[in-house]
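> Provided below for reference: sequence and predicted model.
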Amino acid sequence: MTDSLRNQLMGLGFKPPQPEAKPARRPEDRPARKPDPKRARHEGQPQRPHERGRGAGAPAGGRNAAPARSGARPGQARPGQGKPRSREDIDLAKAYAIRAQREKDERIAAEKARQEEARQRREARAKLAELVKGKALNAADAEIARHFPYGGKIKRIHVTPAQLKSLNAGELGVLQMDGRYLLVTAELLAQAEQVFAPAVALKVDPDAPAEDDPYADPQYQVPDDLVW
């Protein structure tokens, strides 16, 4: 349409046609955005240590980065360490440790003493065996039982009438060796007593009253299984 025709129509009261307004686009009418594979992969992974704490305006870790504060003051227990021990608890622990060490030392010393005593007894018995070897006076034809107390029990040794008289007079004595009772002279008995006194089973004092040794009488019979 030319300008002259448009002017004629406008003069007759006609208005020129207005352009059609387009409707506003709604969010749901927008085309869907395609997902980014790289962004989806990074969003599903945990944040790396060097990326933690980096936000808007946060400086990256480096030489000038401020050290992290643990939040614990000097003298306070750190998380996971429990309550700090007091001075009383420390002193009590030291006392227990000292007592335990002392008891241990006492046990060790007692064990060493027992071992030393056992060693001395073995050596004394061996020396006594060499001293008495071949010197026992036990007679094969002895028929008289001479009873005597030893080790909390009543023991006996068979002697001849002459040996019984000498034994009661203190001229003979009795030694215990490896479960046997040996009749020996008074001199040998004295030497054996110096070597190993527990081996002396019967040592008669001729000056002692008769009632001190009631078993000197051969007619005095005592059961073998009598226990004192």
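Received it, and whenever you're ready, just let me know what you need. Numbering: from 1, shown residues only.

> helices and strands around the longest helix seen in the chain, which ones?
Ranked by residue count under DSSP state H, the longest helix found in the chain is helix 87-132. Applying 3 or more Cβ pairs under 8 Å, 6 or more residues apart in numbering; DSSP states H and E, we find helix 87-132 packed against strand 172-177, helix 186-195. From N, CA and C alone the C-beta is placed, and that goes for glycine too.

> Check which residues of the longest one are buried.
What it means is helix 186-195. Residues 186, 188, 189, 192, 193, 195 are the ones in helix 186-195 that count as buried (16 or more other Cβ atoms under 10 Å).

> sorry, back to before: between the helices and strands packed on helix 87-132, which one is nearest to residue 161?
Residue 161 lies closest to strand 172-177 among those, at 12.9 Å (Cβ to Cβ).

> Packing partners of that closest one?
So strand 172-177, by 3+ Cβ pairs under 8 Å, 6+ apart, packs with helix 87-132, helix 161-168, strand 180-185, helix 186-195, strand 200-203.

> show me where pLDDT drops low in the chain?
Counting by pLDDT under 70, the chain has low-confidence residues at 1-6, 8-9, 11-83, 210-228.

> Near the closest residue to residue 93 other than its chain neighbours, how many other residues are there?
Using Cβ to Cβ, 6 or more residues apart in numbering and skipping residues adjacent in sequence, the residue nearest residue 93 is residue 85, 7.9 Å away. Each residue near residue 85 was counted by other Cβ atoms under 10 Å, and the total is 11.
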